[in-house]
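In: just to be clear, the model below is a prediction. Sequence and coordinates:
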Amino acid sequence: MYTMLTILLVCLLFASTASAIMAEPMEAIKGPINDVITILNDPVYKEPDLVEAQRDKIWETVRTIFDFEEMSKRTLARNWRSFSPAEKTEFTRVFSRFLGNTYMDKIQGEFHNEKIVFVSQEIAKEKYALVKTQIVRETLEIPVDYKLIKSNDQWKVYDVSVEGVSLVKNYRSQFEKILQKEKPAQLIEKLSEKLKNQD
Amino acid sequence: MIRVNTPAIAVLIFLTAAAGLVFSGCAHQQSNPRQPDMTSTVAAPGSPEDPNNAPVTDGEDTDAAGTGDIALAADDGDATENPDWLDEDEPDWLDEDEPDWLDDTDDMQFTATSDPLSGFNRAMYHVNDFLYEGILSPVADAYRALFPSKIRIGVSNFFTNLTGPLRFVNCLLQGKGEAADAEFVRFFMNSTVGVLGFGNPAKEFPELSPSNEDLGQTFGSWGVGEGVFIIWPVLGPSTLRDTVGMIGDRFMHPVSYVNPSEVSYGLSAYERINGLSFRLGDYESLKAAAIDPYEAIRDAYLQYRRINVEK
């Protein structure tokens, strides 16, 4: 009887620590994403001249959940090795700003009170996680999946898939096409130009 | 969900937990109360990370996995610290034993590198882009402004319901019995209670949600390859396989039997405009986010279709 009780206790102990670990990756993005929605709905930013301020606030909130270097590596895949250390740093910097701007334009320009539903999460090999969410819009439910990696004990997003289309893979095939003909420096140049046109 | 009060189950859980800790040195966790079918992706003891397995694998494998680990864990934001982590010809920049949703084992292959029709396709991309910007988008925009979402949702339901039999057939052809049943019940319910499909009473039953199947996916599930990528004027991106599927689906689509054909095409166009009214801005975003919009659309189409064939 005592043995049974001990096993039960040990079980419960395991169960509780397990759930603490499990809650992590979803929590890591849930907070910031909900904060972004709060900022988007905040009547303070209704003034047209505060659009820029709102943008900065959203960016500050959302950037913390991404691991832009991991994203850059995975986007360039085997091409990453042909980048010099300086080019790697520069690419990561430009690419993250480019992604940020694109994301900002999209959500600032088109947020119509969509609801975000956090569906499920999965952890693999301790340091990878998949968090499934849905954007609920009128008749549509758009599945958005986040892939996270744990580094320095923090969960960071390294890929986002919308309706199964991975952002990293999508950029990978574009960059691959460009890098077949051009040098890393020229790709960075192209990205910077695109970045300038966004502003 | 787990009843710990049953001793047998408690022992089982304990053993599993203990085995996980002892064998892999780390607990592989996942939680999916709503999606129990995913439990199969839990890394089992004996995965390549298993220390007991390590001596068995040959040196090269161990090294590859190890290098990948270091590379991915580069957490100080400085790539220069381990510049040689990629200097091997193995696909070593990623862990090889990632579960299938990490699916990065095929990441070294770029989504369909061959594109023999790229010249034609790029031209058609520009034609479609022009049609979209010049006609489709403004029309859908005006349409959205004129009709409240209630009506547009009704129309969308109507067309979705019309293609119920088409999805039913494709579910059957793919051996998806449950999905076929769901399509059948859904079609019956929405056509009657839902007044010819304008209403969507089946929405109350999540298990009846439509399965997004078509003939292209059916061929894919039979193992038919995609064939070349083609962008058709007006109809948009496709592959050889999906084009044949599209023609077949057209025969199962009630709208194609409407006479005269002008009305039939008109209905198809209307279906498209109505559908677009919910997705305005999405294409623009995709384009704005791309360095090479044609390549972005090609990759997105192929990724999307592959995901749907797998489902």
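Out: Perfect, I can see it now. What you see is a predicted model; the values in this text were computed from it and never measured.
In: alpha carbons only for contacts and neighbour counts from here, please
Out: Noted.
In: give me the buried positions along stretch B:205-219.
Out: By neighbour count, and taking 16 or more other CA atoms under 10 Å in any protein chain shown as the criterion, the buried residues in stretch B:205-219 are B:208, B:210, B:211, B:213, B:214, B:215, B:216, B:217, B:218, B:219.
In: pLDDT and distance to residue B:243 for these - can I get that in TSV?
Out: Putting these into TSV (pLDDT from 0 to 100; distance: CA to CA, whole Å) gives the following:
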residue	pLDDT	distance to residue B:243
B:208	83	28
B:210	83	22
B:211	80	20
B:213	91	14
B:214	92	11
B:215	93	9
B:216	94	7
B:217	94	11
B:218	93	13
B:219	94	11
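In: could you chop chain B up by domain?
Out: Split into domains by automatic domain parsing, chain B comes to B:7-30+B:39-106, B:118-310.
In: which stretch in these has the least confidence?
Out: Ranked by mean pLDDT, those end with domain B:7-30+B:39-106 in last place, scoring a mean of 38.
In: double-check that residue A:122 belongs to a strand.
Out: Yes: the assignment for residue A:122, made by DSSP: H, G, I helix; E, B strand; the rest coil, places it in a strand.
In: which residue does chain A bring closest to chain B?
Out: Using CA to the nearest CA, the point where chain A gets nearest to chain B is residue A:122, with a distance of 4.3 Å.
In: just to check, that residue is in contact with residue A:147?
Out: No: at 9.6 Å, residue A:122 and residue A:147 do not qualify as touching, with contact defined as CA atoms under 8 Å.
In: so what's residue A:127 up against?
Out: For residue A:127, the residues meeting the contact criterion (CA atoms under 8 Å, 6 or more residues apart in numbering or on different chains) are A:148, A:149, A:150, A:151.
In: residue B:185: which of these is nearest?
Out: residue A:148 (38.8 Å; CA to CA).
In: residue contacts, the closest one?
Out: With contacts defined as CA under 8 Å, 6+ apart, the neighbours of residue A:148 are A:25, A:127, A:128, A:129, A:130, A:131, A:155, A:156, A:157, A:158, A:159.
In: how about 6 Å then?
Out: If a contact means CA atoms under 6 Å, 6 or more residues apart in numbering or on different chains, then residue A:148 has A:128, A:129, A:155, A:156, A:157, A:158 as its contacts.
In: follow-up on the earlier one: need the worst-confidence member of the contacts of residue A:127.
Out: Lowest pLDDT of the contacts of residue A:127: residue A:151, 82.
In: returning to that earlier point: which of the contacts of residue A:148 fall in strands?
Out: A:128, A:129, A:155, A:156, A:157, A:158 (DSSP state E).
In: returning to that earlier point: could the contacts of residue A:148 go into TSV alongside pLDDT and distance to chain B?
Out: Supplementary listing: the contacts of residue A:148 in TSV, determined by pLDDT from 0 to 100; distance: CA to the nearest CA, whole Å:
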residue	pLDDT	distance to chain B
A:128	84	8
A:129	87	9
A:155	91	11
A:156	92	10
A:157	92	13
A:158	90	10
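In: can you classify residue A:136 by secondary structure?
Out: Assigned with three-state DSSP, residue A:136 falls in the strand class.
In: same check on the one 5 residues further on?
Out: In three-state terms, and counting by three-state DSSP, residue A:141 is strand.
In: once you drop chain neighbours, what's closest to it?
Out: Nearest non-adjacent residue to residue A:141, counting by CA to CA, 6 or more residues apart in numbering or on different chains: residue A:135, 5.6 Å away.
In: what bridges to that neighbour?
Out: Under DSSP bridges, the beta-bridge partners of residue A:135 are residue A:116, residue A:142.
In: count of neighbours near it?
Out: The criterion is other CA atoms under 10 Å in any protein chain shown. On that basis, residue A:135 has 17 neighbouring residues.
In: ok, now residue B:157?
Out: When neighbours are counted by other CA under 10 Å, residue B:157 registers 19.
In: how about residue A:123?
Out: Around residue A:123 there are 27 other residues, counting by other CA under 10 Å.
In: buried ones in stretch A:177-190?
Out: Going by neighbour count (16+ other CA under 10 Å), the buried part of stretch A:177-190 is A:178, A:179, A:184, A:185, A:187, A:188.
In: mind putting those residues into a markdown table with distance to chain B and secondary structure?
Out: As requested, the buried residues of stretch A:177-190 are exported to a markdown table (distance: CA to the nearest CA, whole Å; DSSP: H, G, I helix; E, B strand; the rest coil):
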| residue | distance to chain B | secondary structure |
| --- | --- | --- |
| A:178 | 9 | helix |
| A:179 | 12 | helix |
| A:184 | 14 | helix |
| A:185 | 15 | helix |
| A:187 | 9 | helix |
| A:188 | 11 | helix |
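In: okay then, goodbye and thanks.
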